[in-house]
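Enquirer: next one to model:
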Amino acid sequence: MKKYLLIPFLIILTSMVQAQPMQIGWQDLQGKVEPYQDPFAALTDDQLFNLSVYGRITEMKTLYPLYEITDAMLKEAEEAKAQLIKENINIEYMFEQRDIIMKKRQKAALITNDLLANREIQMSGYMLALEFDNGTVSEFLLVPTIGACSHKPVPPANQLIFVKAATPVHAGSPYMPIKITGTLRVTPEVKDLYLVDGKKQVRMAYSLEDAIVEQFIATH
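Expert: Numbers count the residues shown, from 1 in each chain. Below you'll find the predicted structure:
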């Protein structure tokens, strides 16, 4: 008798486990990227700064010949170049790699984790409202950090989720920390984000409709 009672119990328990949303973090949204060597990762902050100074002023001379390059700027560029040479940094090679690495980073930013497509998930982040209606928000972006898209650079597309809440949410503060639950969709698209200083186009890779939205206390 006990054996037969155990089977239905296991079936119920299994269904309860399967019904629980998958807890995920921002790193889970990133798809697999073919490994590549980034020569800039080995540079120090000072070397990166000197490379940017030399590159910026050199490009200004080439692309904007009518722009007045001051003696002070030329001196700064030469000093940066001399320091890089002294530290055995191959400037020409680094400039060649810059465009290559940039394209690889851009490609990596668009790669999604298709294993999460149409899965019931739960994750936390910060709400960036797209529209307000009497203090409530129905559509927003879930972003990984405070200030993303407005005060800070726009995160990669696979680090943004367009969310439609099941019920309007009272937005207590800008970048309110929240937890969302719902079915994640892989839906690459571009939306206009209207900010105080103008309009900005934001590319996102995921969406989530009829989301359950809960406020939570961020730990960091």
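Enquirer: please make it C-alpha for all contacts and neighbour counts, starting now.
Expert: OK.
Enquirer: show the subsequent helix or strand relative to the lengthiest strand in the chain.
Expert: For the chain, the longest strand by residue count, based on DSSP state E, is strand 176-195. Beyond strand 176-195 on the C-terminal side, the first helix or strand identified by DSSP states H and E is strand 198-215.
Enquirer: strand partners of that next one, parallel vs antiparallel please.
Expert: Sheet pairing of strand 198-215 (DSSP bridges) gives strand 161-170 (parallel), strand 176-195 (antiparallel).
Enquirer: which of those strands has the lowest mean pLDDT?
Expert: Out of these, strand 176-195 stands lowest, with a mean of 88 (criterion: mean pLDDT).
Enquirer: show the contacting residues for the residue found closest to residue 209 once you drop the neighbours it is linked to in the chain.
Expert: Once flanking residues are discounted, residue 209 sits nearest to residue 164: 4.6 Å by Cα to Cα, 6 or more residues apart in numbering. Residue 164 is in contact with 138, 139, 140, 208, 209, 210, 211, counting by Cα atoms under 8 Å, 6 or more residues apart in numbering.
Enquirer: may I have the longest strand of the chain as CSV, with CA atoms only?
Expert: Coordinates of each C-alpha in strand 176-195 appear next as CSV, following Å, rounded to 0.1, in the frame of the first residue of the first chain:
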residue,chain,number,x,y,z
MET,A,176,13.9,51.1,-8.7
PRO,A,177,15.3,47.7,-7.8
ILE,A,178,12.9,44.9,-8.8
LYS,A,179,12.4,41.2,-9.3
ILE,A,180,10.6,40.0,-12.4
THR,A,181,8.9,36.6,-13.1
GLY,A,182,7.6,35.5,-16.4
THR,A,183,8.3,33.8,-19.8
LEU,A,184,11.5,35.0,-21.4
ARG,A,185,11.4,35.6,-25.2
VAL,A,186,14.3,36.1,-27.6
THR,A,187,13.1,39.1,-29.6
PRO,A,188,15.8,41.4,-30.9
GLU,A,189,14.5,44.9,-31.6
VAL,A,190,15.3,48.5,-31.3
LYS,A,191,13.3,51.1,-29.3
ASP,A,192,13.5,54.8,-28.8
LEU,A,193,14.3,55.8,-25.3
TYR,A,194,13.3,59.4,-24.5
LEU,A,195,15.6,61.1,-21.9
